[in-house]
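Visitor: quick one: sequence plus predicted model below, questions after.
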Amino acid sequence: MESTAFCPAHVTGFFKAYLEKDNQTPEKIGSMGAGFSIREGVTTHINILPKINQKSNFKITTIGYESDKTDVSEYVLNEFLKLGNFEDMFFDIKHEITIPVGYGLGSSSAVALSLSYALDHVLKTNLDHTMIGQIAHNAEINCNTGLGDVLASYHGGFEIRIKPGAPGIGKVEKINPGEITIIMICFSPISTNKFIKERLSQINGLGGKMVTKLLESKNYEHFEDMSLEFAKYIQVMTLRMENLIQELASNGIKCGVALFGETVFTMIPKEKEEKVLQILKKYSDAIIIKSQLDNQGARVLNN
């Protein structure tokens, strides 16, 4: 038995965290904020074989960009194993990752959500889609790898998260920015797990105020401006990010910062693509990604 599912990568431009861990309901933990999903991400393929002499009942491998942790995948798998008698099965799980890990592109949520969709399909558990999303969301919360990426990449597109929480509880409002290209440059990774543990409590309500403003304007260039303001406010800007942002601005190109990574993105009309790529090509040690919005969100692929 085999199944394949895809989840788009997601970039958050600003946010306000809602932790409330004391109430023991991880589905209500999350974030308000805004961001977008792109056509790159994680494709997860599962092949179920008979369990014969293997010591473990699963194997997890990655293709493309490497992830050094499997805790999110193991959490999702264990949640599905509670739903039936699958003791005689061996799960061969492959994550094909086309985005760099740790650069603010929501790779862990894409791993969790693509795996959740693929497991539901291959095991025929027939869960409601919101339940599939909630399992992935809870994996992120329990592993301290994210707050709102699952909700956002579950829906796809350019979104404002207007209510925090897992799919089925959290809510988004999608914005149509028209035909735009997204180009981003990834300099170095930042640990989301470390930021959530050490610095999240320092952030106040700025992200919440920005949600209100973006709901009024619904403009992607306004979103980019607020993303930059937020990045400066929480002090994640580096010198090379500031230099690049200044050069782009001097050429009439707005941009924002992906949380959390040393990553700068720009949302632009097609006629500005060449100029942006010309500016970015001098950074030969960085990773450059050119993509478009993914408006579908996570889904099972043709199997």
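Guide: Perfect, thanks for sending it. Keep in mind it's a predicted model, so treat the numbers as computed, not measured.
Visitor: against residue 218, how distant is residue 178?
Guide: Using C-beta to C-beta, to the nearest Å, residue 178 is found at 11 Å from residue 218. Yep, even glycine has a C-beta here, placed from its N, CA and C like the rest.
Visitor: neighbour-wise, which of these two wins?
Guide: Neighbour count, other C-beta atoms under 10 Å: between residue 178 and residue 218, residue 218 has more, with 15 against 7.
Visitor: what's the neighbour count on the closest residue to the more buried one other than its chain neighbours?
Guide: Among residues not flanking residue 218 along the chain, residue 175 sits closest, at 4.9 Å (C-beta to C-beta, 6 or more residues apart in numbering). Residues lying near residue 175 (other C-beta under 10 Å) number 19.
Visitor: please go through the protein and pick out the longest helix.
Guide: If you go by DSSP state H, the chain has its longest helix at helix 107-123.
Visitor: which residues touch the helix or strand just after it?
Guide: Going down the chain from helix 107-123, the next helix or strand is helix 129-143, by DSSP states H and E. Helix 129-143 is contacted from outside by 26-27, 29-30, 69, 71-72, 75-76, 79-80, 108-109, 112-113, 115-117, 120, 127, 145-147, 149-151, 154, 165-169, 193, 298, using C-beta atoms under 8 Å, 6 or more residues apart in numbering.
Visitor: of those, buried ones?
Guide: The neighbour-count test (16 or more other C-beta atoms under 10 Å) marks 26-27, 29-30, 72, 75-76, 79-80, 108-109, 112-113, 115-117, 120, 127, 145-147, 149-151, 154, 165-169, 193, 298 as buried among those.
Visitor: which of those residues fall within helices?
Guide: Using DSSP H, the members of the buried ones among the contacts of helix 129-143 that fall in helices are 72, 75-76, 79-80, 108-109, 112-113, 115-117, 120, 149-151, 154, 193.
Visitor: measure how far the biggest strand by length in the chain is from the centre of its chain, please.
Guide: Taking DSSP state E as the criterion, the chain has its longest strand at strand 30-50. Centroid displacement of strand 30-50 relative to its chain, using C-alpha atoms, centre = their mean, to the nearest Å, is 7 Å.
Visitor: what do you get for stretch 117-134?
Guide: 19 Å.
Visitor: so for that stretch, mean pLDDT?
Guide: For stretch 117-134, mean pLDDT rounds to 97.
Visitor: and if you look at stretch 231-240?
Guide: Averaged over stretch 231-240, pLDDT sits at 89.
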